[in-house]
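Asker: How does the following fold in three dimensions:
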Amino acid sequence: MSNPSFSMAAFCWRMAYTVALYLATPWILLRHRRQAADYGGPAGLGERFGFVAASAMPLSPIWIHAVSVGEVNAARPLLRLMQSRHPGVPLLLTTTTVTAADVARRQFGAAVTCCYMPYDLPGAIARFLRRANPRLLLLMETELWPNLLSACRKRQIPVVVVNARLSAKSAAGYARASALSQEMLQSLAAIAVQTRDDSKRYIELGADPARVSITGSIKFDVSVPPTLHERGEALRQAMGARRKVWVAGSTRDGEEALVLAAASKVLEKEPETLLILAPRHPERVPAVLELCKRVGASAVVHSSANGRPAPDVKVYIIDTMGDLLTFYAAADIAFVGGSLVDNGGQNVIEPASVGRPIICGPSTYNFAEVVATLRDAGALVTVGSAGELASCVVRLLCQADLRTQMGQQALHACHANRGAVERTLALVESQLKSQH
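Answerer: You can find the predicted model right below:
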């Protein structure tokens, strides 16, 4: 039997959260409209309030929610395996960001129904659930929405968090609303976590230990397209076969200035080096280009150069989505952003999967165990400043044998840690069987 005081505290937290979300909705709407205008895609405002046509929804689908591009890419091997094993089960994929919606539609086409996730407002969630009527909801990584989970519990829709991770920082945030966090966690049918530390944090917050399974990171199961290395080599030839190339991928606001400072020092030692700079959010490309001009870095944007930056260009800015893996394959070294600033890092498995030596900054709490795995394998180096980044890049550019060794160790680490998709699908299948 539930504790009445606990339930009342959770209810009060959820009501306070809902009121705050209603008050914030106009600003959230403006942000999504601005992002859509910057990116050139639909804002999907109707879908965000749950107004989706019932005729557009598949019959009793498995619903997968992936917030942004990283989660969509992580979900891809799981969705592909589900399609292969259960071809008769329809799939519904929702996203939050405009860029993720575009990537999802391009990756899956008509094989998966794609739309925006409704805002976590009671009315929007109720409308969406009535139209979608999912048999099961899979939440990628850590996306716990109070009203969504409450509505699913009332409708007896099982919810599973897959590829779940929970940093110490995020756990501390959830702990501040412990009653609401416990209510959400106890309403989950299962939690498939990446690591032992993630499991421990979920259980400490109130998750049922019997429902927490360690399945590993799905991102290690990334499937590299057969033609990727050919495309990478063709891109490398177009950029200049003799040039040394390094990538700064998924960089965040405030980080590009540090990367450009490092690039300037690299050019003092290796004047023909090209930096490929890929901001995490493409709508920030104009600001990054302006920053390059301010610091005197010769830069050009990918879409305007047709993959062929002139020899005097020192910074090649990527403004397209879904191409970062190809650029990693075309480069000598990969620096993974979100780590020299305090953003917790980005996906280091992508460059590892194409056999590239990896550099990242000290802020990697979102991928702590994966970073530790690659560092222990000798595939990754951590730096603490722009100066250290420059020194590390120069050292690797000058030592081809070291680059090759680190790249091979990165590939070996990826292969050794695969299998999370199979383990996750087994968990999903057990939930489906329990419904019959």
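Asker: If we ignore the residues flanking it in sequence, what's nearest the residue nearest the centre of the chain?
Answerer: Closest to where the C-alpha atoms of the chain average out (C-alpha atoms, centre = their mean) is residue 70, at 2.1 Å. Using C-beta to C-beta, 6 or more residues apart in numbering and skipping the chain neighbours, the partner closest in space to residue 70 is residue 347 (5.8 Å). Heads up, the C-betas are built off the backbone N, CA and C, glycines and all.
Asker: how far away is the residue nearest to the centre of the chain from residue 327?
Answerer: In this structure, residue 70 and residue 327 are 16 Å apart, going by C-beta to C-beta, to the nearest Å.
Asker: sorry, back to before: now do the residue nearest to the centre of the chain against residue 389, distance only.
Answerer: Separation of residue 70 from residue 389 (C-beta to C-beta) stands at 22 Å.
Asker: you'd agree the residue nearest to the centre of the chain is up against residue 345?
Answerer: No. Using C-beta atoms under 8 Å, residue 70 is not in contact with residue 345; the gap is 10.9 Å.
Asker: Helices of the stretch 201-350 of the chain, residue ranges please.
Answerer: 228-240, 255-269, 285-294, 302-305, 324-330, 349-353 (DSSP state H, counting those that start in this stretch).
Asker: Worst mean pLDDT among these?
Answerer: Lowest mean pLDDT within the helices of the stretch 201-350 of the chain: helix 302-305, a mean of 89.
Asker: which helices and strands sit right next to that helix?
Answerer: strand 315-317 (3 or more C-beta pairs under 8 Å, 6 or more residues apart in numbering; DSSP states H and E).
Asker: What helices and strands are in contact with the strand it packs on?
Answerer: In this structure, strand 315-317 makes packing contacts with strand 274-279, helix 285-294, strand 299-301, helix 302-305, judged by 3+ C-beta pairs under 8 Å, 6+ apart.
Asker: 6 Å instead, please
Answerer: strand 274-279, helix 285-294, strand 299-301 (3 or more C-beta pairs under 6 Å, 6 or more residues apart in numbering; DSSP states H and E).
Asker: Identify each buried residue in the helix or strand hosting residue 83, please.
Answerer: Take DSSP states H and E as the rule and residue 83 turns out to sit in helix 69-85. Neighbour counts over helix 69-85 (16 or more other C-beta atoms under 10 Å) mark 69-82 as buried.
Asker: what about the residue nearest to residue 263 when sequence neighbours are not counted, distance to residue 143?
Answerer: Leaving out its chain neighbours, the residue that sits closest to residue 263 by C-beta to C-beta, 6+ apart is residue 275, at 4.5 Å. As judged by C-beta to C-beta, residue 275 and residue 143 stand 33 Å apart.
Asker: higher neighbour count, those two?
Answerer: Per other C-beta atoms under 10 Å, whichever of residue 275 and residue 143 has more neighbours is residue 275, with 26 against 16.
Asker: got a pLDDT number for that one?
Answerer: The model's pLDDT for residue 275 equals 98.
Asker: So what pairs up with it in the strands?
Answerer: According to DSSP bridges, the residues that bridge with residue 275 are residue 246, residue 315.
Asker: What separation is there between it and residue 357?
Answerer: Taking C-beta to C-beta, one finds residue 275 at 16 Å from residue 357.
Asker: related to what we said a few turns ago, only alpha carbons, please: show the helix or strand that the helix holding residue 83 is followed by as CSV.
Answerer: Note on helix 69-85: by DSSP H and E, the next helix or strand toward the C-terminus is strand 91-95. Extracted in CSV, the C-alpha atoms of strand 91-95 (Å, rounded to 0.1, in the frame of the first residue of the first chain):
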residue,chain,number,x,y,z
LEU,A,91,6.8,1.7,-34.3
LEU,A,92,6.2,5.4,-33.3
LEU,A,93,9.2,7.6,-32.8
THR,A,94,8.9,11.0,-31.1
THR,A,95,11.5,13.7,-30.8
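Asker: which other residues reach strand 91-95?
Answerer: 61-66, 101, 104, 112-115, 117 (C-beta atoms under 6 Å, 6 or more residues apart in numbering).
Asker: do stretch 285-296 as well
Answerer: Here stretch 285-296 makes contact (C-beta under 6 Å, 6+ apart) with 256, 260, 279, 299, 315, 317, 319.
Asker: I figured the fourth one hits residue 316, correct?
Answerer: To tie it back to what came earlier, the one meant is residue 299. No. Using C-beta atoms under 6 Å, residue 299 is not in contact with residue 316; the gap is 7.4 Å.
Asker: circling back to that earlier point, where does the residue nearest to residue 263 sit relative to residue 418, distance-wise?
Answerer: According to C-beta to C-beta, residue 275 stands 31 Å off from residue 418.
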